[in-house]
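**Student:** I'd like to go over a predicted model; first the sequence, then the structure.
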Amino acid sequence: MTRFAHGVSALRSSEIRDLMSLATSPDIISFSGGMPGNELFPLDKIDNIYQSLTEKEKQVAMQYGPTNGLPTLLESLSQYLEKKGLPVGKNRLMMTTGSLQAINILAKAFVDPGDTVLVETPSFIGALSAFRSYEANLVSVPLQGDGIDIEALRTTLNTAGPKPKFLYFAPNFHNPAGIIYSEEVKHQMIELLKDQDIPLIEDDVYSDLYFYEEDVPKMTNIKTMDPEGIDVCFTGSFSKILGPGLRLGWMLVPEHIYKKCELIKQSMDACSPSFSQVIADKFIRNGYIYEYTENVRQEYKKRGLAMIEALEKYLPDYVSFEKPRGGFYIWLHLPKGTDSSLILKKAIEKGVVFVTGKTFDPDGVKNDCIRVSFCNTATDVIQKGIPVVAEAIREVCG
Ligand SMILES: Cc1ncc(COP(=O)(O)O)c(C=O)c1O
């Protein structure tokens, strides 16, 4: 028997992958991915950027770079984040290979086997897997329509037991729940965690993809609020606002945490892709990032609204959902105890895929929810696919 490390054994093979392997038809409709639409990538701008690079810049792009990131990108990204109000000057910014690497590095920095880590349920599967790989004991706190359940968080914190190493949460257009944290919930979190020596990992990769300008003030990050007595580790990414193929994210963290993270990153990959960093730097400096996010915001809004309309028209009334105001996802609540894997199986037979609830459950059990993504599907395809999802739900739930 091959003797793998404990942390790797803790990684569960997913039933969903087996089900997905049934989805072989080339014209299957997919509501499963969390990726930008292929046709939305700013290919002309990337061509332009590459054509306009000097020979020296192209050499830099092909070379190893500093572990924390190329100085030019650190400068332009700092300005971009400062404009959003993030306290860049009081913290350290580090480029990472996707924001998933930032989450991974932070997990490595904090977690010894058996350590308690607080996570929302449901939660982003990538982060859960990262925490599991360091053998964290995941303790889940339910998520509500306006953010983490504060009373449940209070109870968890007051329960005797080892002090959690950190709390991981995603405040804006949550994956998979689609919700935004209210300002009240964020303030209550600060009250609860102040001087507790429990850092926050604030994962914010979707906040630029809002449908409604009026929501922007409500979406202020806890990192931006800069609360005293809490170490807030902020993570972000170019994946949803430029392209995940660049594999470029970042962390903005207090100096003492940064120092450890830089050492950890050195041993992981020495540096993030210089090529991507050169492109991303020009994308910001040329102002393309503002133009591009403005465009994709409109397109995702069209898709999101088309999906809401189709869901309202076709779903049985025992299925409920929070209407998204941005991001990529809608989270459907089925009758309590429903096994959404049965629904997925039927939907796949009919040519549609989505992701089942338990994928996002830290305990891998609760399966009476479904995540449907609208990001990578045109509106006419959404209109075709949602009735099929509704039919599969009716066949299982009645
Ligand atoms: C909530 C959340 N955080 C982080 C990531 C990771 O993004 P990346 O590693 O591509 O930056 C994703 C990707 O889907 C996500 O949904």
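**Tutor:** Arrived safely.
**Student:** Remind me which helix or strand Tyr300 belongs to.
**Tutor:** For Tyr300, the enclosing helix or strand under DSSP states H and E is helix 288-314.
**Student:** what's the next secondary structure element after that helix?
**Tutor:** Of the helices and strands lying after helix 288-314 in sequence (DSSP H and E), the nearest is strand 320-321.
**Student:** so what strands line up beside that next one?
**Tutor:** Strand pairing for strand 320-321, using DSSP bridges, gives strand 329-333 (antiparallel).
**Student:** For the closest residue to His174 other than its chain neighbours, which residues are in contact?
**Tutor:** Closest residue in space to His174, ignoring its immediate chain neighbours: Leu143 at 7.0 Å, by C-beta to C-beta, 6 or more residues apart in numbering. Bear in mind the C-beta positions are built from the backbone N, C-alpha and C, glycine included. The contact partners of Leu143, by C-beta atoms under 8 Å, 6 or more residues apart in numbering, come to Glu120, Thr121, Pro122, Asp149, His174, Ala177, Ile179.
**Student:** Return the closest of those residues with respect to the ligand.
**Tutor:** Nearest to the ligand among those is His174, at 7.3 Å by C-beta to the nearest ligand atom.
**Student:** Report pLDDT for the closest residue to the ligand within the stretch 1-150 of the chain.
**Tutor:** The ligand sits closest to Gly98 of the stretch 1-150 of the chain, with a gap of 2.8 Å, by C-beta to the nearest ligand atom. Looking at Gly98, its pLDDT reads 98.
**Student:** cool, Ala10 as well?
**Tutor:** Confidence score, pLDDT, at Ala10: 66.
**Student:** quick one: Tyr168 and Pro199 touch, right?
**Tutor:** No. If you go by C-beta atoms under 8 Å, Tyr168 and Pro199 don't touch, sitting 9.7 Å apart.
**Student:** and these two? which has more neighbours close in?
**Tutor:** Comparing Tyr168 with Pro199 by other C-beta atoms under 10 Å, the one with more neighbours is Tyr168, at 28 against 22.
**Student:** Contacts only, for Asp203.
**Tutor:** Ser99, Ile103, Phe124, Ala127, Tyr168, Phe169, Ala170, Thr235.
**Student:** could those residues be laid out in CSV, adding secondary structure?
**Tutor:** What follows is the contacts of Asp203, written out as CSV (DSSP: H, G, I helix; E, B strand; the rest coil):
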residue, secondary structure
Ser99, helix
Ile103, helix
Phe124, coil
Ala127, helix
Tyr168, strand
Phe169, strand
Ala170, coil
Thr235, strand
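**Student:** Identify, from these, the entry nearest to Leu11.
**Tutor:** Proximity of those to Leu11 (C-beta to C-beta) peaks at Ala127, which lies at 13.2 Å.
**Student:** one step back: and the residue nearest to His174, that one's in a strand?
**Tutor:** Yes. Counting by three-state DSSP, Leu143 is found in a strand.
**Student:** bridging residues for it?
**Tutor:** Ile148.
**Student:** Report pLDDT for it.
**Tutor:** We have a pLDDT of 97 for Leu143.
**Student:** separation between Ile289 and the ligand?
**Tutor:** Ile289 is 15 Å from the ligand, where distance means C-beta to the nearest ligand atom, to the nearest Å.
**Student:** now do Asn158
**Tutor:** For Asn158, the distance to the ligand equals 28 Å [C-beta to the nearest ligand atom].
**Student:** With Lys165 instead?
**Tutor:** Counting by C-beta to the nearest ligand atom, the gap from Lys165 to the ligand is 19 Å.
**Student:** from what I can see that residue touches Val111, true?
**Tutor:** Yes. The pair Lys165 / Val111 is scored as a contact, 5.7 Å apart, by C-beta under 8 Å.
**Student:** shared neighbours of those two, anything?
**Tutor:** Common contacts of Lys165 and Val111 (C-beta under 8 Å, 6+ apart): Val117, Ala136.
**Student:** how's the chain carved up into domains?
**Tutor:** 6-42+291-397, 44-288 (automatic domain parsing).
**Student:** Could you tell me the least trusted of those domains?
**Tutor:** domain 6-42+291-397 (a mean of 91).
**Student:** Residues of the stretch 51-200 of the chain that sit close to the ligand?
**Tutor:** Where proximity means C-beta under 6 Å from any ligand atom, the interface of the stretch 51-200 of the chain facing the ligand comprises Gly98, Ser99, Leu100, Phe124, Gly126, Ala170, Asn175.
**Student:** Could you dump those into CSV and include neighbour count?
**Tutor:** Listed next are these as CSV, based on neighbours: other C-beta atoms under 10 Å:
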residue, neighbour count
Gly98, 22
Ser99, 25
Leu100, 22
Phe124, 23
Gly126, 16
Ala170, 26
Asn175, 24
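**Student:** In JSON lines: those, plus distance to Thr54.
**Tutor:** Formatted as JSON lines, those follow (distance: C-beta to C-beta, whole Å):
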{"residue": "Gly98", "distance to Thr54": "28"}
{"residue": "Ser99", "distance to Thr54": "30"}
{"residue": "Leu100", "distance to Thr54": "32"}
{"residue": "Phe124", "distance to Thr54": "39"}
{"residue": "Gly126", "distance to Thr54": "36"}
{"residue": "Ala170", "distance to Thr54": "39"}
{"residue": "Asn175", "distance to Thr54": "39"}
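**Student:** now, the most widely separated pair of those?
**Tutor:** Pairwise distances across those peak at 14.9 Å for Gly98 and Ala170 (criterion: C-beta to C-beta).
**Student:** returning to what we had before: tell me which residues of the helix holding Tyr300 are tucked away?
**Tutor:** Using 16 or more other C-beta atoms under 10 Å as the test for burial, helix 288-314 gives 288-289, 292-293, 296-297, 299-301, 303-308, 310-311, 314.
**Student:** Check stretch 383-392 too.
**Tutor:** Using 16+ other C-beta under 10 Å as the test for burial, stretch 383-392 gives Gln383, Gly385, Ile386, Pro387, Val388, Val389, Ala390, Ala392.
**Student:** Just give me the closest of those to Ala107.
**Tutor:** Ala107 lies nearest to Val389 out of the buried residues of stretch 383-392, by C-beta to C-beta, at 33.9 Å.
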